[in-house]
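Q: Curious how this folds, go ahead:
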Amino acid sequence: MRTLDYQTSGTCSRAIHITLTDDDRLESVTFDGGCHGNLQGIGALVHGMKRADVIARLRGIDCKARGTSCPDQLARALESAVG
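A: Residues are numbered from 1 along each chain as shown. Reported below is the predicted structural model:
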C-alpha cells in the first residue's frame, strides 16, 4: 500500500489523504475541511475502485464556477500518483 497527501486548491477542503492498494485501487480517501457528509460519501463511493476509473469519472467536475471541485481535486491528486 502507498499513501498520498495532496494539498487542494480552489476548494473548501484543504487537503486529501489517499491510500492506494498495490493493485492501484483506492483503499481510503479522507478530506480535511469541506462539506463533511458529502466528502465522506465520495470516499465511500470510490472505495475499492481503480485509480484510473475514479479519474475518468471525477475529472472536470466544477463547483460554483471555480474551475474545480473536491471531486475534481481528488482526480488531480490521483493523477499525480504516478506508478
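Q: Just read off the phi/psi values of the spatially most central residue of the chain.
A: With distances taken as C-alpha atoms, centre = their mean, residue 74 lies nearest the centre of the chain, 2.2 Å away. Backbone torsions of residue 74, given as degrees, to the nearest 10, read phi -60, psi -40.
Q: Can you read off the pLDDT for the closest residue to residue 38 other than its chain neighbours?
A: Closest residue to residue 38 apart from its sequence neighbours, by C-beta to C-beta, 6 or more residues apart in numbering: residue 70 at 7.5 Å. Glycine gets a C-beta too; all of them are placed from N, C-alpha and C. At residue 70, the pLDDT value in this model is 97.
Q: Also residue 82?
A: pLDDT for residue 82: 73.
Q: what's the first-to-last distance across stretch 27-47?
A: Stretch 27-47 stretches 6 Å from its first residue to its last (C-alpha to C-alpha, to the nearest Å).
Q: Begin at 310 from now on, thanks
A: Sure thing, new numbering starts at 310, so read that last one as stretch 336-356.
Q: just the helices in this protein please.
A: Using DSSP state H, the helices of the chain run over 345-355, 360-367, 379-389.
Q: Could you work out which of those reaches nearest to residue 313?
A: Nearest to residue 313 among the helices of the chain is helix 379-389; the distance by C-beta to C-beta comes to 6.2 Å.
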